[in-house]
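Undergrad: Need a 3D model of the following:
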Amino acid sequence: MPIARREVSDVRVIAHVDMDCFYVQVEQRRQPDLRGLPTAVVQYNAWKGGGLIAVGYEARRFGVKRSMRGDEAKKVCPEIHLVQVPVARGKANLNVYRDAGSEVVGILSQRGRCERASIDEVYLDLTDAAETMLAENPPEMLEEINPEALKSHVLGIDKNEKEEGEIARQWICNSDADHRDKLLVCGAIIVGELRMQVLQETEFTCSAGIAHNKMLAKLASGMNKPAQQTVVPFSAVNELLASLPIKKMKQLGGKLGSSLQSDLGVNTVGDLLQFSEEKLQGHYGINTGKWLWNVARGIDGDEVEGRLLPKSHGCGKTFPGPRALKTMTSVERWLNDLCEELSERIQSDMDKNNRVAHTLTLHARVYKTNDSDSLKKFPSKSCPLRYGTMKIQEDALKLFNSGLREFLGSYRAESKGTMNNKWGVTALSVIASKILATSGACSILKYFQGVDPSCSSEGHTNDGIIQATLATSHSGTESCLGGDNTDLPKESSCEETNSNHSKLNLNQDGKRTNKRNNEVSGPILRYFSTQSPSCSSSQHVSHAIIQDTGPSSTPATDGCSGYNQSESQNGTQQGETRLCNSSPSLVQHGQEKQQWNFNVEDIDPSVIGELPPEIQDEVRGWLKPLKHAKTAKRSSNIAQYFLPSRDR
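TA: Presented below is the predicted three-dimensional model:
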């Protein structure tokens, strides 16, 4: 249900920019010979010529509508050119249109706070830019006004048989206008300049609405199309809403609008003015009633969010009529295709924009045959999103099975079920949401690669060595992890007397094996491969090596002292971890039984996403059996992610 938000007291200048038949314009830019010709974009499905998803204005003049199929459109307009939307994985691929929309957003965002509402529409908060213009270059003082601004349609002004351009000029140059209208004038000039810039740089035309809030700007942008702009002064709000059909208002086109018509006899937005706020709240609840009362008066407190990127990524597919999916095999096949596309899009988003999605949601439209409860909705299901195509596919299938069990009641969905003629899927979609920017802190990758000039410290980088700068320890001495001492200053090295070392062996699933050889198994091991067991430090640079050691009964030299961490499980030998103080290094020692001495439970799952992609699966394989993961303490260092700490 709609949420009522109080409108801010300060005057705002909001614009809604809407591209004109955007899909058609994109195709006409790709095929310039289509410009000026009746054109429509159709779905990939060739049945009856394909469904029209966008119709150019040239084709509209012949009576072609989006509700038609391609064959019907050709009967109405034999000269029409039908362009098929790009196809990938058996469904429409809209990437070319998304990319074209991003071009437009990049231009519009130069002048104010920008919120991308969809592929082809954008909200702009131009308040600051309008205030600046009004202070520095008042419109009435301008010697030359942008031609697009002079074409503005200004609501509420008596035309008196004057040309539209002359009316706009008088309104723009009116020095007696109040502050609110002068800001709108500045907004109209700015939007005219932006629309001209979009045309010059992208070859796309767009229409716009300029008003004091998002709701009114959205209404105005569609009033005069194509390639025009409409302004709504505060004095024209009541006139605009008085005769506006209730179904034309955003969020009133569905059940709420139908309820207003049937229950209260409301057919226009102006009809709402006859009802008090209390009566509307009595019918529709406190929040929705307040919102309806505000709508009738043109009040909208929604802010332009300042978002250039989409809030979520979704991939969907419909299966109408006889094409409905009736087996788990067909559902799984389509889910795999949808998840593959979704995985590519969120991975691209992460690479380009440094954003990570956290929630995976599955929606479906399912019916039951021969059941009186066939109108029951299929429940939407969500879970934490795991990156990787196979993981998303696996989780999406689990979500569908969970929803199907709930939808069908006693029936337990099987991964390869054959419940033909019992249920059918007419729509599937997977959505990645809760997309957040990653932290601005240095990536953990610096600890493995040491190549990022903005994050790394001076020092040497060697294969098999983890470089890490640890927290300063007692007396200003830096705790460090030591690597091959051939790369370190001789005066800062300290030798361990333990000489028997072996490397950790893992199978492809990330499970430990009992092999005792010198070959590294698994990509992560190159980061932990054993080196000469020396440790060294300098004032500014430290090196790290975490290694598994073989049996040894020889105590460490007196030059290295630290703490002991003992574990005893089912009679196994105790292990010991030592920290080197004088030249701090972190080395592990074992007794008699070979083992990898860090505790898997002490790995913080939240850092796994920062690891190189080729080792993320392996690390997650270690964590998979764990029910509860411990998080690292505040002000922790890299060693705490791989080794047990003293107080755990």
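Undergrad: tally of neighbours for Leu150?
TA: Each residue near Leu150 was counted by other C-beta atoms under 10 Å, and the total is 18. Placement of C-beta: from N, CA and C, glycine included.
Undergrad: swap in the one 3 residues further on?
TA: Close neighbours of His153, defined as other C-beta under 10 Å, add up to 17.
Undergrad: for it, phi and psi?
TA: phi -90, psi 120 (degrees, to the nearest 10).
Undergrad: Equivalent analysis for the one 5 residues further on, please.
TA: The phi/psi pair for Asp158 (degrees, to the nearest 10) reads phi -70, psi 120.
Undergrad: again, but for Leu264
TA: Dihedral angles for Leu264 - degrees, to the nearest 10 - are phi -120, psi 0.
Undergrad: contacting residues around it?
TA: Shown in contact with Leu264 (C-beta atoms under 8 Å, 6 or more residues apart in numbering): 271, 275, 283.
Undergrad: Looks like the first one contacts Gln261 (just checking).
TA: No. Under the contact definition of C-beta atoms under 8 Å, Asp271 does not touch Gln261, with a separation of 9.5 Å.
Undergrad: Need the overlap of contacts for these two.
TA: By C-beta under 8 Å, 6+ apart, the residues touching both Asp271 and Gln261 are Ile246.
Undergrad: picking that back up, put the buried members of the contacts of Leu264 into a ChimeraX selection.
TA: Of the contacts of Leu264, the buried ones can be selected in ChimeraX as follows, counting by 16 or more other C-beta atoms under 10 Å:
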select :271,275
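Undergrad: ok, the contacts of Leu264 vs Leu94, which is closest?
TA: Asp271 (38.4 Å; C-beta to C-beta).
Undergrad: check contacts around the closest one.
TA: If you count contacts by C-beta under 8 Å, 6+ apart, then Asp271 has 246, 264-265 around it.
Undergrad: So which elements touch the helix or strand Gly282 falls within?
TA: If you go by DSSP states H and E, Gly282 is part of helix 277-284. Helices and strands touching helix 277-284, by 3 or more C-beta pairs under 8 Å, 6 or more residues apart in numbering; DSSP states H and E, are helix 255-264, helix 286-296.
Undergrad: Packing partners of whichever helix or strand comes after the last one?
TA: This points to helix 286-296. Where DSSP H and E defines the elements, the next helix or strand beyond helix 286-296 is strand 313-318. In terms of contacts (3+ C-beta pairs under 8 Å, 6+ apart), strand 313-318 is packed against helix 328-353, strand 355-368, strand 423-437.
Undergrad: Could you tell me which strands strand 313-318 is paired with, and in which direction each runs?
TA: strand 423-437 (antiparallel) (DSSP bridges).
Undergrad: Could I get the CA-only coordinates of the partner strand as CSV?
TA: Extracted in CSV, the C-alpha atoms of strand 423-437 (Å, rounded to 0.1, in the frame of the first residue of the first chain):
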residue,chain,number,x,y,z
TRP,A,423,0.2,-28.0,-11.5
GLY,A,424,1.7,-25.7,-14.0
VAL,A,425,4.1,-22.7,-13.9
THR,A,426,3.1,-19.7,-16.1
ALA,A,427,5.8,-17.3,-14.9
LEU,A,428,9.3,-17.5,-13.2
SER,A,429,11.6,-14.8,-12.1
VAL,A,430,14.7,-14.5,-9.9
ILE,A,431,15.7,-11.2,-8.4
ALA,A,432,19.0,-10.1,-6.7
SER,A,433,18.2,-7.3,-4.3
LYS,A,434,19.7,-5.4,-1.3
ILE,A,435,22.5,-4.3,-3.5
LEU,A,436,25.0,-2.3,-1.4
ALA,A,437,28.3,-0.6,-2.1
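Undergrad: Check which residues of it are buried.
TA: 423-433, 435.
Undergrad: pLDDT below threshold where in the stretch 51-200 of the chain?
TA: Along the stretch 51-200 of the chain, segments meeting pLDDT under 70 span 160-162, 164-165.
Undergrad: can you rerun that using 80?
TA: Applying pLDDT under 80 to the stretch 51-200 of the chain picks out residues 158-165.
Undergrad: Now do the strands in it.
TA: Secondary structure of the stretch 51-200 of the chain (DSSP state E, counting those that start in this stretch): strands at 52-55, 81-84, 87-88, 91-92, 113-118, 121-125, 153-154.
Undergrad: Pull the residues that contact the fourth one.
TA: To tie it back to what came earlier, the one meant is strand 91-92. With C-beta under 8 Å, 6+ apart as the criterion, strand 91-92 contacts 43-44, 53, 85-86, 315, 317, 337-338, 341.
Undergrad: can we see that at 7 Å?
TA: 43-44, 85, 317 (C-beta atoms under 7 Å, 6 or more residues apart in numbering).
Undergrad: In these, find the pair that's most separated.
TA: Top of the distance list for those (C-beta to C-beta): Val85 and Lys317, 13.5 Å.
Undergrad: Might you list the low-confidence residue ranges for the stretch 251-400 of the chain?
TA: In the stretch 251-400 of the chain, residues with pLDDT under 80: 369-376.
Undergrad: got the contacts of Asp271 as JSON lines, with distance to Ile167 columns?
TA: Shown next, in JSON lines, are the contacts of Asp271 (distance: C-beta to C-beta, whole Å):
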{"residue": "Ile246", "distance to Ile167": "30"}
{"residue": "Leu264", "distance to Ile167": "37"}
{"residue": "Gly265", "distance to Ile167": "37"}
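Undergrad: Thanks a lot, see you next time.
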